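>>> when you get a sec, could you give me coordinates for this:
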Amino acid sequence: MSLFGYNAANAQFTASGQFRPRTEFRDGYSTLQKKDAETAAFTSQRTRLNVGFTGYRFRFFVAVQDVRVWGQDASTINRTTTAENNGIQLHEAWGEIILNDTVSKIQNLSLKIGRQEISYDDQKVIGGLDWLQQARYHDAVVLKFANKGWTADFGAAFNQNKELLEGTIYNGVPPVTAGYTAGTNGLGTNYKSLEYAYLARKFYFGDISFLFLSDNFNKYSNVTSGTPPVVTKVNEQGIWTRNTTGFYYNINPTRKLKLEGSFYHQFGHDKNGRSLSSDLASLTATAQVGRKLFLAPGIDYLSGNDGTKAVTATSTNNQFDPLYGTPHKFWGNMDYFYASSGFGSQGLLNYFLKTKYNLKDNLTLFADLHAFEAANTLSDGAGGTQNSYLGTELDLKMSYNFTKMVNIEAGYSYMKATNSMASAQVKNVVNANLSPQWAYVMVNIKPNFLNKK
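Numbering: from 1, shown residues only. As a prediction, this is how the structure comes out:
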């Protein structure tokens, strides 16, 4: 029996979900707090519904999610007096057209159109940022090619605030939803447009990839008016373009040793129109010790600016921005560096040792140790310099698979920060608590609604 000219048995419908509440205790998470600050405690929750359908030469997928903090909405809402914190969001909604037919020798040639997660390699510069409850998406078009170990993706996006009758000015700051500001990488603004090319090749010993990405930001000027003077940001026609290019590799010299690394260079102009020249370099070696233990020492370098030199509109910006990556995965679970809160522009050196121990088939223990240092000179504010060492962080985590669809995760992090971390050039906190802590417990239920078992 056929349906619109193809066998209906080839069609495939999927339906899955996710329920992920997370309780956190914050005593200096992401930024240092003052010594007399009280510990914060709350529970956030992501609830997601995923529906997909695969038919003849097309795929379709929608993911709707609700992200909120327990108690942020009144249990009984008076619509005339109370504004509900609407956390419902269309996380993904895309269609993919299969361009090669069933007799083609090409493994895949397709065009993926719509709201989608874009993630490559280790997610250091392009990732879904799944740790954040709202995660990250892009409204984009991606041409995808795969054949005989080769992968080539070409993507583009173009953002606007609304339908327009003239012009293409984009303010980059859509209305705030459920308390989350524009962007998930600390920029505070969305790009106006984006273009990228990604090329990867798999070998028997690992894989290597290359990325070139341009994200463009709407030009603006600051206009001063009124008494007392008020500075207003006025968007203008035109864009500032930031280019990022580099490579990633993941190779296995032996069965129990993996080397993973990357190098990226940024040039062009940043979101404020300043000339840009910055770098990222990373190297990790993961060794299996015995049957259950894995050790992974490594180092990350992100270039920064000289803190003793004044920043002007004409000076070059040497701070590397890790684009749309997943900082929580790399630079400490407490998210002090390059997450939603800024930490300064002097760059970062991250020396780390990560360990994983498979205690049981369904129970894994993690312990990561980070030593953080500014990659450039820090000023003491009085014409001299200060110690570039920022702090040491210990991250402990336990992951337990209660069933195939239910996971329980818990973690505790402690940092021993320095006065340099609290200084005006980094976190800018007076009388800071230099021993911040953070703990969480998270339940992750991911049901497959069509699984008969």
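
>>> show me the helices in the protein, by range?
With helices called from DSSP state H, the chain shows them at 419-422.

>>> the nearest residue to Val234 once chain neighbours are set aside: what's it in contact with?
Once its chain neighbours are removed from consideration, Val234 has its nearest residue in Val223; the separation is 5.1 Å (Cβ to Cβ, 6 or more residues apart in numbering). Quick note: C-beta positions are derived from backbone N, CA and C, even for glycine. Contacts were defined as Cβ atoms under 8 Å, 6 or more residues apart in numbering; by that measure Val223 touches 231-234.

>>> the residue nearest to Gly238 when sequence neighbours are not counted - how many residues pack around it?
Excluding the flanking residues, the one nearest Gly238 by Cβ to Cβ, 6+ apart is Lys219, at 4.2 Å. Residues within reach of Lys219, counting by other Cβ atoms under 10 Å, total 18.

>>> cool, and Gln12?
Look at Gln12: counted by other Cβ under 10 Å, it has 11 neighbours.

>>> which residues of the protein score low on pLDDT?
Flagging of the chain using pLDDT under 70 yields the residue ranges 1-11, 76-86, 174-187, 338-343, 452-453.

>>> all strands for the stretch 101-250 of the chain, in order.
If you assign secondary structure with DSSP state E, counting those that start in this stretch, the strands in the stretch 101-250 of the chain sit at 108-116, 138-147, 150-158, 193-203, 206-225, 230-254.

>>> before we move on, the earlier item: any idea how far the residue nearest to Val234 lies from Val173?
From Val223 over to Val173 the distance is 17 Å, taken as Cβ to Cβ, to the nearest Å.

>>> likewise Gly55?
Using Cβ to Cβ, we find Gly55 at a distance of 38 Å from Val173.

>>> hmm, back to that, please name the residues that touch the residue nearest to Gly238.
For Lys219, the contact set (Cβ under 8 Å, 6+ apart) comprises 235-240, 273.

>>> what's the local residue count around the closest residue to Leu99 other than its chain neighbours?
Nearest non-adjacent residue to Leu99, counting by Cβ to Cβ, 6+ apart: Leu109, 4.4 Å away. As a burial measure, Leu109 scores 17 neighbours (other Cβ under 10 Å).

>>> bridging across strands, which residues link to Leu109?
Leu109 has these beta-bridge partners by DSSP bridges: Phe145.

>>> going forward, count from 786.
Okay, residue one is now 786; in that scheme the one you just asked about reads as Leu894.

>>> Ile883 is in contact with that one, correct?
Yes - counting by Cβ atoms under 8 Å, Leu894 touches Ile883, with 7.5 Å between them.

>>> Met1200 versus the nearest residue to Gln1171 once chain neighbours are set aside, what's the distance?
The spatially closest residue to Gln1171, leaving aside those adjacent along the chain, is Asp1165, at 4.3 Å (Cβ to Cβ, 6+ apart). Distance of Asp1165 to Met1200, computed by Cβ to Cβ: 22 Å.

>>> more crowded one of these two?
Ranked by neighbour count (other Cβ under 10 Å), Asp1165 and Met1200 place Met1200 first, with 26 against 16.

>>> quick check: bridge partners of the closest residue to the more buried one other than its chain neighbours?
Among residues not flanking Met1200 along the chain, Glu1178 sits closest, at 4.4 Å (Cβ to Cβ, 6+ apart). Judged by DSSP bridges, the bridge partners of Glu1178 are His1155, Met1200.

>>> and Glu1178, how many neighbours?
25.

>>> residue contacts, it?
Applying Cβ under 8 Å, 6+ apart, one finds that Glu1178 lies in contact with 1117-1119, 1121, 1153-1155, 1157, 1198-1201.
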